[in-house]
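> Need coordinates for the following:
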Amino acid sequence: MNQQAPEGGTIIDGKAFAADLRATVTRQVARLKQEHGITPGLAVVLVGEHPASQVYVRNKNKQTIEAGMNSFEHRPEDSISEAELVALVEELNQDPKVNGILVQLPLPSQVSSHAVIASIDPAKDVDGFHTTNAGLLAVGGAGLVPCTPLGCMMLIKSVLGDDLSGQRALVLGRSNIVGKPMAHLLLAESCTVTIAHSRTRDLPQECRRADILVAAVGRPQMVKGDWVKPGATVIDVGINRIESDEGKTRLVGDVDFEAVRAVAGAITPVPGGVGPMTIACLLLNTLTAACRQHGVPVPEPDG
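Next up is the predicted model:
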C-alpha cells in the first residue's frame, strides 16, 4: 500500500488505504443488512451554494451509496435562520432511518455553528464535534471520533504498527476539529504528546524532537526539512491552494513535501494522503453509529 520514494522516506498512500477501508465498510454493511435487516443511513445538510462544500458533499453522497448505505441530502437556502436549521437537525435526530448527521461547515454568518452542532444527537454525530463526543474522547470513553484524526491514526499505525507506546508525538495545530482530538488519540496510545501552535517558542526545535509529527495548522509548506527528526513519521493534514510557476494553482500541504521527504521515514502526500481517509472514516463512523443505536456489536475496522 505504501510506496518507497526514489529518494527519502516512504510515501504513505492514503488513497489506497481509504479504498481498502471503504471496501471493508461495504462488506460490513452488507453483513449488517443480511444478519440484522439494518441499513445505515447518513444525512448531510449543506446550507447554500458554497462551491468547495458542494464538491465535498457530492463525493460523500456518492461514496455513501457505493458502500450500500442510505444517503439523505438536505440543501436549505443560505438565508435559513438558526432556529430553522436547528429544527431540521431535530427532525433528523428523531428519524429512525438516519443513523448519522453531518452539517457541512462553514455556515452562513447568521447561524451559530456551535448551536447547530450542539443540537445534533451525540449518538448520530458522525463528525465527532459535539461536546459530548469530545469529552468522551478526552476521558477514553466510547464516543464518535472526528474523522480526520481517526484517519491520521490509521495511517500512523500503517507505518509504525499498533503499539505506539513511548513514541514522542507533536501535533502542530490546536483546532477542535483536528489538533485537540489528534492529541487525545495519541495520548490514548501511550505516546508522549506535545501540542504546538503559532505562539510556541522555538517551534522548529519542538518539531525536531518528534518521532510522529502531525501538521494541521493551515499554513502552506510551513514545516521545512530541517524541522524534522530523521526517520520521523510525518502526517500532513493541510490542504492549501497556492499559485504555481505557470500561473495556475496547485494543492500543497502544511509540509514542504520534497524537503521533508528527504529526511522523514514516512510521509503523507498532498493530495492523496489524509484527505481520502476523512470520507472513508465518515462511512466507518456511520456504520459504528448504526450498530450502537441498534445494540449490535460494532465490527472491527479491519474485520
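
> what about the helices in this structure?
Remark: helices assigned in the chain by DSSP state H are 14-36, 51-66, 82-94, 113-119, 131-139, 147-160, 179-188, 203-208, 257-261, 275-293.

> Helix 275-293 and the second one, what's the angle between them?
To tie it back to what came earlier, the one meant is helix 51-66. Interaxial angle, helix 51-66 versus helix 275-293 (axes from the mean of the first three to the mean of the last three Cα atoms, to 10 degrees): 50 degrees.

> what about the stretch 201-303 of the chain, any weak spots by pLDDT?
300-303 (pLDDT under 70).

> Let's see that with 50 instead.
Along the stretch 201-303 of the chain, the model assigns pLDDT under 50 to residues 302-303.

> Pull the distance from stretch 38-57 to the chain's centre.
Relative to its chain's centre, stretch 38-57 lies at 15 Å (Cα atoms, centre = their mean, to the nearest Å).

> and the helices of the chain, which is most packed in?
The highest mean neighbour count among the helices of the chain, using mean count of other Cβ atoms under 10 Å, belongs to helix 275-293: a mean of 24. In this view, the C-beta of every residue, glycine as well, is placed from N, C-alpha and C.

> helices or strands up against that one?
Where contact means 3 or more Cβ pairs under 8 Å, 6 or more residues apart in numbering; DSSP states H and E, helix 275-293 is packed against helix 14-36, strand 41-45, helix 51-66, strand 100-103, helix 147-160.

> about what we covered before: using a markdown table, lay out the helices of the chain together with distance to residue 101.
Formatted as a markdown table, the helices of the chain follow (distance: least, Cβ to Cβ, whole Å):
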| stretch | distance to residue 101 |
| --- | --- |
| helix 14-36 | 18 |
| helix 51-66 | 12 |
| helix 82-94 | 5 |
| helix 113-119 | 9 |
| helix 131-139 | 12 |
| helix 147-160 | 13 |
| helix 179-188 | 18 |
| helix 203-208 | 37 |
| helix 257-261 | 35 |
| helix 275-293 | 9 |
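
> Spatially central residue in this protein, please.
Residue closest to the mean C-alpha point of the chain, counted by Cα atoms, centre = their mean, is residue 148 at 1.2 Å.

> residue contacts, that one?
177-178, 216, 237, 274, 277-278, 281 (Cβ atoms under 8 Å, 6 or more residues apart in numbering).

> Show me the two of those that sit farthest apart.
Pairwise distances across the contacts of residue 148 (Cβ to Cβ) peak at 15.0 Å, for the pair 216 and 281.

> about what we covered before: kindly state the pLDDT recorded for the residue nearest to the centre of the chain?
Per-residue pLDDT puts residue 148 at 97.

> repeat for the one 10 residues further on
Reading off the per-residue confidence, residue 158 sits at a pLDDT of 97.

> can you list the domains in this structure?
36-123, 146-276 (automatic domain parsing).

> Looking at the contacts of residue 148, which one is closest to residue 44?
Of those, the one sitting nearest to residue 44 (Cβ to Cβ) turns out to be residue 278, at 13.4 Å.

> these two touch, right, the closest one and residue 154?
No - assessed by Cβ atoms under 8 Å, residue 278 is found out of contact with residue 154, at 11.2 Å.

> Without its sequence neighbours, what residue ends up closest to residue 187?
In this structure, residue 187 finds its nearest non-sequential neighbour in residue 193, 5.2 Å apart by Cβ to Cβ, 6 or more residues apart in numbering.

> So that neighbour sits against residue 169, correct?
Yes - if you go by Cβ under 8 Å, residue 193 and residue 169 touch, sitting 5.0 Å apart.

> Quick check: residue 17 touching residue 158?
Yes - look at residue 17 against residue 158 with Cβ under 8 Å: they come within range, at 6.2 Å.

> thinking again about what came up before, would you turn the domains of the chain into a markdown table with distance to residue 30?
Shown next, in a markdown table, are the domains of the chain (distance: least, Cβ to Cβ, whole Å):
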| stretch | distance to residue 30 |
| --- | --- |
| domain 36-123 | 6 |
| domain 146-276 | 22 |
